[in-house]
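**Student:** attaching a predicted model along with its sequence, questions to come.
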Amino acid sequence: MIDLYTWITPNGLKISILLEELGLPYTVHSVDITTGEQFAPDFAAISPSAKIPLIVDRDTGLTLMESGAIMIYLADRAGRLLPPQGASRLNVIEWLMWQIGNLGPTLGHAHNFLTYNPGKAAYAEDIFRTETRRLYATLDARLAGRRYVAGDYSIADIAIWPWISRFERHKTNLNDFANVRRWYLELADRPAVQRGYSVPHFTGDVPRPA
């Protein structure tokens, strides 16, 4: 059994969706980051960075933070959604790292400046609007002629998808990126994605472009 400490954020949804796809049993522990629960002493005692997501694998005794590390661990544990070796494994990890190092941080800033604090920093808004569009274009080009990001359906797709699900907060029209739109909607129809999207609690249906 796996204990999942999480909240309704793209990084949290990456793990709940993956757990649903893998069919691994887990217990959800909601950590409300909007009220500072991540800084509570009991959570800080197991999470050195006081951030979600975090898992505790009761079967192995392993505690693990950082979404990318968690995804690699869970996929390897289940023997699915990440090739065991070779170039195909590295290709998946390459795009997982692209999400962690590029897409996630940029779109997180886009949320902040374009949706939550518009009109406060025009320079920052211009930077993150431009960079957001560039990253969507990068993903769109990658998906041209490909069903999934890195070969078969993998943790790379699962890592990227929750961030794209916030397209409205990025002020992005998915109709401008036909390949991303097609890929996004295919994943949105997966039952495991829909179940994982409602963890730790239901906040609304999966967003769909007009």
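**Tutor:** Structure received.
**Student:** helices and strands around the longest helix seen in the chain, which ones?
**Tutor:** Secondary structure of the chain read by DSSP state H shows that its longest helix is helix 122-142. Helix 122-142 sits against helix 104-110, helix 178-188, with contacts defined as 3 or more Cβ pairs under 8 Å, 6 or more residues apart in numbering; DSSP states H and E. Glycine gets a C-beta too; all of them are placed from N, C-alpha and C.
**Student:** same list (those helices) but as CSV, adding distance to residue 68.
**Tutor:** Shown next, in CSV, are the helices and strands packed on helix 122-142 (distance: least, Cβ to Cβ, whole Å):
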stretch, distance to residue 68
helix 104-110, 10
helix 178-188, 19
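**Student:** can you pull out the helices in the protein?
**Tutor:** Going by DSSP H, the chain shows helices at 10-22, 41-44, 67-78, 86-98, 104-110, 122-142, 155-164, 178-188, 191-196.
**Student:** buried residues, the fourth one. List them.
**Tutor:** Translated: helix 86-98. Buried positions in helix 86-98, judged by neighbour count with 16 or more other Cβ atoms under 10 Å: 89, 91-93, 95-96, 98.
**Student:** what of the fifth one?
**Tutor:** Residues of helix 104-110 classed as buried by neighbour count (16+ other Cβ under 10 Å): 104, 106-110.
**Student:** list the buried ones in the helix or strand of the chain with the lowest mean pLDDT?
**Tutor:** Sorting the helices and strands of the chain by mean pLDDT, DSSP states H and E puts helix 41-44 at the bottom, at a mean of 93. The neighbour-count check on helix 41-44 (16+ other Cβ under 10 Å) flags residue 43 as buried.
**Student:** how far off centre is that helix?
**Tutor:** 24 Å (Cα atoms, centre = their mean, to the nearest Å).
**Student:** could you list the domains of this protein?
**Tutor:** As assigned by automatic domain parsing, the chain contains the domains 2-78, 86-190.
**Student:** relative to residue 197, which of those domains is closest?
**Tutor:** Comparison of the domains of the chain against residue 197 by Cβ to Cβ identifies domain 2-78 as nearest, at 6.1 Å.
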